[in-house]
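J.: with the input below, show me the fold.
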Amino acid sequence: METFSGLISYAQDNVLEPLVGAKCADRIAHFDLSSVDCLKLFVSKVLGLGIMAGGTIVKVPQILKITGSRSTQGLSFASYLLETAAYTISLAYNWRNGYPFGTYGEMAFINIQNLVILGLILVYSRNLFGLLAFLSLYSLSTLALFEESLINPTQLQQLFASMVAISAASKLPQIWNNWRAKSTGQLSAITTFLTFAGSAARVFTTLQEVDDVNVLVSTLVATGLNAWLAVQMLVYWRSGPSSRNLNVRDISHSPSHHSHSPGTNVPTRRSRKRRCEKRDAFID
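T.: A predicted model of the protein is given here:
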C-alpha cells in the first residue's frame, strides 16, 4: 500500500503537476472527478502530447511511399508548399505569443517532413535549381517570421489572420487533383487519416487551452479540409490512375490500341479474297 501511495505521489509531483498545475494534479491524483475543468485540461494535455508524438511520424508513410515507388504522381507541390507556409506562420505566431507548446508543437515536426516531401518532388522532377531556390527562400522567410525586428507583432497578426485562406489554398490543389484524376495517386492513406485525426483532436485542445479566435478558426478550417481529403481517399480507394493520365507508351501497348474498330481500313482474309475475285473478273 505504501508503494502504491509512493507511486501516486511521484506521478502527482513529476507528471501531473507539470501538465495541469498543482491544484488539478492534487484532485486527479486523489481521483476527484467532481472538477470537470481539471479533467478537461488533463485530457487536453494528454491529447496534445499524443498529437505531437504522432506529428513526428505522420508524413513518414508518405515519404516511404514516394521513395519506394520513386514517383510523386498525384501529389500537388502547391499543396505542400502552401501547407508548409501556413505551418511556419502558425509556429511563429504561437511561439511569439507564448502559447503552450503542446497546443501547436506537432507543426514543427510536420514541417520538417513536408520539407523532405517538397525536396523529393523537386528531385524526382530533376529540378535542382528549384530545390536550391526553395530552400534559400524558406530559410530567409522563417528567420523573418521569428525575428521581431524584421516582422513586428502587428504584421505577424495580419499574416496569421490570412492563415484561413492559406490553409484552404494548401488543400484545394490536392483535392482538385484527386477529383480530376478520380484517383489519389501516390497520396498515402495512413498519412491522410492520421492528419485528419490529429487536426480534429487539435480542435479540442485549442478550445481548452488557447483563448484566440484566429487559432480556433484556422484549426476548424484545416480539420474540415482534412476530412474532405479523407473522404476522397475512401471514395477513390481502389481507383488507379485515370485514362487521361496514361502516356503515349501506355496507350500504344494497351490491348484496345491493337483492336480494330469497324471503321478502320484494315485488310482481312475475306476482304482480300473479294478484291482478288474482282480483279480476276476485270481481267477476264
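J.: what about residue 32, distance to residue 41?
T.: 13 Å (Cβ to Cβ, to the nearest Å). From N, CA and C alone the C-beta is placed, and that goes for glycine too.
J.: before we move on, what about residue 13?
T.: Using Cβ to Cβ, residue 13 is found at 17 Å from residue 41.
J.: same question, residue 65
T.: 37 Å.
J.: residue 14 now?
T.: Computed as Cβ to Cβ, the residue 14 to residue 41 distance reads 18 Å.
J.: wait, isn't residue 215 in contact with residue 205?
T.: No - counting by Cβ atoms under 8 Å, residue 215 sits too far from residue 205 to count as a contact (10.4 Å).
J.: which residues in this structure form helices?
T.: Ranges of helices in the chain, per DSSP state H, are 2-11, 17-29, 36-55, 60-69, 77-96, 106-124, 128-146, 153-161, 163-181, 189-209, 213-235, 248-252, 255-258, 269-283.
J.: and those helices as a markdown table, adding mean pLDDT and mean neighbour count?
T.: Shown next, in a markdown table, are those (pLDDT from 0 to 100; neighbours: other Cβ atoms under 10 Å):
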| stretch | mean pLDDT | mean neighbour count |
| --- | --- | --- |
| helix 2-11 | 74 | 10 |
| helix 17-29 | 83 | 17 |
| helix 36-55 | 88 | 18 |
| helix 60-69 | 91 | 16 |
| helix 77-96 | 92 | 21 |
| helix 106-124 | 94 | 19 |
| helix 128-146 | 94 | 14 |
| helix 153-161 | 90 | 14 |
| helix 163-181 | 84 | 19 |
| helix 189-209 | 89 | 19 |
| helix 213-235 | 89 | 18 |
| helix 248-252 | 37 | 10 |
| helix 255-258 | 44 | 8 |
| helix 269-283 | 54 | 9 |
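J.: check contacts around residue 9.
T.: Contact analysis of residue 9 by Cβ atoms under 8 Å, 6 or more residues apart in numbering lists residue 29.
J.: again with residue 91
T.: So residue 91 contacts 104, 107, 108, 111, 145 (Cβ under 8 Å, 6+ apart).
J.: residue 102 is in contact with residue 49, correct?
T.: Yes - between residue 49 and residue 102 there is a contact under Cβ under 8 Å: 6.3 Å.
J.: show me what contacts residue 114?
T.: 59, 80, 83, 84, 87.
J.: burial count for the first one?
T.: Think residue 59. The burial count assigned to residue 59 is 24, neighbours taken as other Cβ atoms under 10 Å.
J.: let me know the pLDDT of it.
T.: In this model, residue 59 is scored at 92, pLDDT.
J.: contacting residues for it?
T.: Counting by Cβ under 8 Å, 6+ apart, the residues that residue 59 touches are 110, 113, 114, 116, 117, 191.
J.: in TSV, list those along with distance to residue 6.
T.: As requested, the contacts of residue 59 are exported to TSV (distance: Cβ to Cβ, whole Å):
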residue	distance to residue 6
110	39
113	41
114	45
116	45
117	47
191	42
